[in-house]
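A.B. asks: Sharing a sequence plus its predicted fold:
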Protein chains: 2
Amino acid sequence: MSTDPRHPRDRVDAAFHVYDTTLRDGAQQEGLNLSVADKLAIARQLDDLGVGYIEGGWPGANPKDTEFFRRARTELDLRHATLAAFGATRRAGVPAADDPLVAALRESGASVVTLVAKSHDRHVELALRTTLAENLAMVRDTVSHLRAEGQRVFLDAEHFFDGYRANRDYALEVLRTAAEAGAEVVALCDTNGGMLPSWIADVVDDVLSTGVRVGIHCHNDTGCAVANTLAAVDAGATHVQGTLNGYGERTGNADLVSVVANLELKLDRPVLPTGALREATRIAHAVAEVTNVPPASRQPYVGVSAFAHKAGLHASAIKVDPNLYQHLDPVRVGNDMRLLVSDMAGRASIHLKSRELGFDLTDSREDQDLVARVTARVKDLESRGFTFEAADASFELLLVEEVEGRRPSYFDVESWRVITDSRPGGEALSEATVKLHAGGARILTTGEGNGPVNALDHALREAIGQAYPEVAKFELIDYKVRILDQGHGTDAVTRVLIETTDGESSWVTVGVGANVIEASWGALVDGVTFGLRRHGEQPEQQPGALEPEAARG
Amino acid sequence: MSTDPRHPRDRVDAAFHVYDTTLRDGAQQEGLNLSVADKLAIARQLDDLGVGYIEGGWPGANPKDTEFFRRARTELDLRHATLAAFGATRRAGVPAADDPLVAALRESGASVVTLVAKSHDRHVELALRTTLAENLAMVRDTVSHLRAEGQRVFLDAEHFFDGYRANRDYALEVLRTAAEAGAEVVALCDTNGGMLPSWIADVVDDVLSTGVRVGIHCHNDTGCAVANTLAAVDAGATHVQGTLNGYGERTGNADLVSVVANLELKLDRPVLPTGALREATRIAHAVAEVTNVPPASRQPYVGVSAFAHKAGLHASAIKVDPNLYQHLDPVRVGNDMRLLVSDMAGRASIHLKSRELGFDLTDSREDQDLVARVTARVKDLESRGFTFEAADASFELLLVEEVEGRRPSYFDVESWRVITDSRPGGEALSEATVKLHAGGARILTTGEGNGPVNALDHALREAIGQAYPEVAKFELIDYKVRILDQGHGTDAVTRVLIETTDGESSWVTVGVGANVIEASWGALVDGVTFGLRRHGEQPEQQPGALEPEAARG
């Protein structure tokens, strides 16, 4: 266990709970499949963010979750968060001590158990198929039992708002029963997600009059999950549940990043350890890597586009004062302001973008002409399908070409070819052959891969590597394809974005073509070229000259 | 022009404005590039939804937009919506009648002009570089001028909430000036997106006391755009602006679909023509096709996952009453409830899914065993990377295999191969060769395409088509690839989802493999197989028999 002094953690923790259920409710998202290793990795990231509670899963009901809690005991060293196990109240008619799922909660080793209980009378009758009285007993017995066994207990009042509307007295009775039996918090769950912010506040107000400590758990079915959560806090809730990046079933849970960012930065309410919020962007993206769900570029606060400015009319004003166009400084959540180069951009955007990339342009006549030429080329290429908004490295190569009068070139390609063959009883194999000139020699290489682009990448770097060994460190880490309809029915064009890394930094290049492999090849060539330039290599003096050296293979 | 009686339209229109700015503010989204044809197509969809106003763009400032308004006069026949042109107040020091951009607004032919004006004193000084008094004159003159020329005018009060905080008196003065000069509505714009719902209500309340008609225009930077919009309406605003699917710069504008759905279905406020909301899902997806921005599956109301239920524990209850787990009936927005088959699903989910697909299973012993077998196979395949959540056709083939004892088979593949060659001075070409047995003959075909999968698809259908001519109608309309890390560092597996159409319906199949082309091939084969079965073809009696017929090619 960590040796951090417990006192500061208790102070934030006791006053306000930030409760993350990415690993349990978030995992219900369509298409999300987390291994135990994935869950442990995500838990570490959540701990970095400084959430107070991490709901790890449902041990007993989900074998993977039983395993997660088992491994967490030795493999998870949390500095901030407390692990919570989720589970149900005992079965109707079975004593809590005899219920195997309740036993699994005890045995999980989690210091907190969050029990989900029905608080909607119709659900008790139709889903649980028991009586209203027995449901109350299930709540009472399970909470008391776990308390007696030494665990802390929170209650998730499932379908609370619908239950409150159907039968207010019963819904409140469920909460009171849990609190009296020892539950520290009763989290009101808008399980079907149908609430609006103004409705939430009235209900929370009423619930608080019973004396319980209130939590809130919202879903985004009306597009108001974050606002609903804030409305509850405004009305007196001191425990917020959500998931990172808003993962969850249907439309997802409340995005915990937006919730805590709004609480800290808009409502002046510190709910995370000091400085933790600055890690939010890094953590949101790191978790997306593990879940393999592509991050939403327009996600509030931490999305890649969250502080990206496009319109040319803004760019001239942003030069004066960024805060004229931003609601807060992105550095507070670890994000950056970005200026997008596009056909809606004017010269002001291109000028700023160039400076962002380190080209120290002035207002001289020469530099103004340069910016005008670059702007014209960008518009022309964009009309052919290129985009530079997400491909800074390709944009930089374009700039260099205009500044130096020639595009940097380290090799001259003669031809390439890639074949994928089925193999009877086995897996297909992709094999590429590349012929090019570099370092004064003609080089022929063959590369294999798990697909045509992968094979070409290997063959290309094998070939270039014979003249420039450092490309062995380059690696393709992301690949995006989009088919662009220039006009429906006419020739579609494919745009490929490739991200390359050398182990220290990464860069994105773009390629366009009618053939997807052709487009990929263009992005690959730019990717290697940019990498070599970044590594300080001098371009070849005579790009294109055919050297009659013996072929190297 | 349409001959619909004007009276009903006026009634909805006058009381409450639904104002769509997809084509202007929405177009600021990173990566979004709309042609004039795209804009016209989207405008028709917006009109189908029944919005009151379509802001078509900024004529004069954007050549594409000038063209849009020109073509709209003859090519756009709107039944519900009124076209609005967006633009700026006259330049400082220039009479409105002499300002070429103001002239462009007059000449657009739009019956409504929405003028954006600075309402934040700092913006007037730093961005416009003029005096507070001149800014008011710019507002007054431009509004009066356009009114005198016969156009209706709305005002967009840019950066209003920040301006109101910095200098309340001036902000309100801008609004009053516009209203007195003839602006029908003053839309308060949260341009930087930093507002929260509770703050919005107070400001709207104050503004209404000046007697102007208030509109609201929000962005999603705090994750509260929809809630902010509803808060403004709650406080008395009668004009809401937003974009379809929440398109827009940075984190986007308020999602107009969520706004109108909440107003109509949650707040009992009809704001669209009767029955229009039922088209929301179709329209949201149709517009996404045009913008080429992949629709967000978890989008409220209209997302593919918005009413998709995963957890096994819910499935047994959903069988009893779907409304136990949905906040409203998805048919009201044209969406469907879906049950997801996954490894978190129990037999209840598989049972329900099978019935959804038309397999009339009972509670007989035999059918229970069938469901158990299918469940086991689904879990096994999912652990190897398959997903059936989005691939109903592959799931159905699996069901058929268990029900009939054998997977339907119409052809027996011998081998396939695909080559992509670069061509000097031109575009690469992909060419595939397929050898298989069908209809008692051995068939060899070659197909070309704009990529390996496209070429294989052509070759495969060319081959199958010689035995089953109807496959000529089949077409690949969507293709998704995802690399799955089974555990970091070990062999990655690729999963491919393919959507095929026969012109009447479409179906999705899945393929998995270490090689992306292998995975694609699997999905293609399933796609053709499913299509043939749907067309009523009888599977071959002896799948796998090698017929010594002469090769056809």
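C.D. replies: Ah, there it is. Residues are numbered from 1 along each chain as shown, chains lettered A, B, ... in the order given.

A.B. asks: Could you list the low-confidence segments of chain A?
C.D. replies: Across chain A, the ranges flagged by pLDDT under 70 are A:1-13, A:310-320, A:339-349, A:389-390, A:483-491, A:541-553.

A.B. asks: Domains of it: list them as residue ranges, please.
C.D. replies: Listed by automatic domain parsing, the domain ranges of chain A are A:15-291, A:308-383, A:412-552.

A.B. asks: Return the most buried member of the ones you listed.
C.D. replies: domain A:15-291 (a mean of 22; mean count of other Cβ atoms under 10 Å in any protein chain shown). (Each C-beta comes from the backbone N, C-alpha and C, glycine too.)

A.B. asks: quick one: the residue nearest to residue A:470 when sequence neighbours are not counted and residue B:414, what's the gap?
C.D. replies: By the measure of Cβ to Cβ, 6 or more residues apart in numbering or on different chains, the closest residue to residue A:470 outside its immediate chain neighbours is residue A:535, 5.4 Å from it. Going from residue A:535 to residue B:414 by Cβ to Cβ, to the nearest Å gives 48 Å.

A.B. asks: which phi and psi does the residue nearest the centre of chain A have?
C.D. replies: The centroid of chain A falls nearest to residue A:288 when counting by Cα atoms, centre = their mean (3.4 Å). Main-chain dihedrals, residue A:288, degrees, to the nearest 10: phi -60, psi -30.

A.B. asks: before we move on, which element is residue A:163 in?
C.D. replies: Assigned by DSSP states H and E, residue A:163 belongs to helix A:160-166.

A.B. asks: now check the helix or strand following that helix, is it near chain B?
C.D. replies: Going down the chain from helix A:160-166, the next helix or strand is helix A:168-181, by DSSP H and E. No - if you take Cβ under 8 Å from any Cβ of the partner chain as the test, helix A:168-181 misses chain B, and the best it gets is 15.3 Å.

A.B. asks: So which bits of the stretch 151-300 of chain A are right by chain B?
C.D. replies: Neighbours of chain B within the stretch 151-300 of chain A, by Cβ under 8 Å from any Cβ: A:159, A:191-194, A:196-198, A:220-224, A:226-228, A:230-231, A:234, A:246, A:249-252, A:255, A:258, A:261-262, A:266-267, A:292, A:296-300.

A.B. asks: Show only the entries of the residues you listed found in helices.
C.D. replies: A:197, A:198, A:226, A:227, A:228, A:230, A:231, A:234, A:258, A:261 (DSSP state H).

A.B. asks: can you name the two of these that are farthest apart?
C.D. replies: For these, the farthest-apart pair by Cβ to Cβ is A:198 and A:261; their separation is 22.5 Å.

A.B. asks: where along the stretch 51-200 of chain A do the strands fall?
C.D. replies: Listed in chain order, the strands found in the stretch 51-200 of chain A under DSSP state E, counting those that start in this stretch are A:53-57, A:82-88, A:112-118, A:152-158, A:185-189.

A.B. asks: Let me know the distance separating residue A:131 from chain B.
C.D. replies: 17 Å (Cβ to the nearest Cβ, to the nearest Å).

A.B. asks: So for residue B:455, which of the domains of chain A sits nearest?
C.D. replies: Taking these one by one with Cβ to Cβ, domain A:412-552 is closest: 9.6 Å.

A.B. asks: Just want the residue of the stretch 301-450 of chain A that's nearest chain B.
C.D. replies: Residue nearest to chain B within the stretch 301-450 of chain A: residue A:327 (2.7 Å; Cβ to the nearest Cβ).

A.B. asks: How about the backbone phi and psi for that residue?
C.D. replies: phi -80, psi -20.

A.B. asks: Return the residues in contact with it.
C.D. replies: B:192, B:193, B:194, B:221, B:222 (Cβ atoms under 8 Å, 6 or more residues apart in numbering or on different chains).

A.B. asks: now with 7 Å?
C.D. replies: B:192, B:193, B:194, B:221 (Cβ atoms under 7 Å, 6 or more residues apart in numbering or on different chains).

A.B. asks: Now those in a markdown table, please, with extra columns for distance to residue B:361.
C.D. replies: A markdown table is the format used below for the contacts of residue A:327 (distance: Cβ to Cβ, whole Å):
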| residue | distance to residue B:361 |
| --- | --- |
| B:192 | 55 |
| B:193 | 50 |
| B:194 | 54 |
| B:221 | 49 |
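
A.B. asks: Keep the residues you listed, but drop any that are not near chain A.
C.D. replies: B:192, B:193, B:194, B:221 (Cβ under 7 Å from any Cβ of the partner chain).

A.B. asks: I'd guessed the second one sits against residue B:223; true?
C.D. replies: Spelled out, that is residue B:193. No - between residue B:193 and residue B:223 there is no contact under Cβ atoms under 7 Å: 9.5 Å.

A.B. asks: got any residues that touch both of these two?
C.D. replies: In contact with both residue B:193 and residue B:223: no residue, using Cβ under 7 Å, 6+ apart.

A.B. asks: what's the helix or strand for residue A:455?
C.D. replies: Secondary structure (DSSP H and E) places residue A:455 in helix A:452-465.

A.B. asks: Pull up the pairing partners for the helix or strand following that helix, direction included.
C.D. replies: Once the chain leaves helix A:452-465, the next helix or strand it forms, by DSSP H and E, is strand A:475-485. According to DSSP bridges, strand A:475-485 has the following sheet partners: strand A:492-501 (antiparallel).

A.B. asks: Output the strand it pairs with in PDB with nothing but the alpha carbons.
C.D. replies: The C-alpha trace of strand A:492-501 is given here as PDB (Å, rounded to 0.1, in the frame of the first residue of the first chain):
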ATOM      1  CA  ALA A 492     -14.300   8.600 -55.500                       C
ATOM      2  CA  VAL A 493     -11.000   9.500 -54.000                       C
ATOM      3  CA  THR A 494      -9.400   7.900 -51.000                       C
ATOM      4  CA  ARG A 495      -7.600   9.800 -48.300                       C
ATOM      5  CA  VAL A 496      -5.200   8.100 -46.000                       C
ATOM      6  CA  LEU A 497      -3.700   9.500 -42.800                       C
ATOM      7  CA  ILE A 498      -0.700   7.700 -41.300                       C
ATOM      8  CA  GLU A 499       0.900   8.300 -37.900                       C
ATOM      9  CA  THR A 500       4.600   7.300 -37.600                       C
ATOM     10  CA  THR A 501       6.700   7.300 -34.500                       C
END
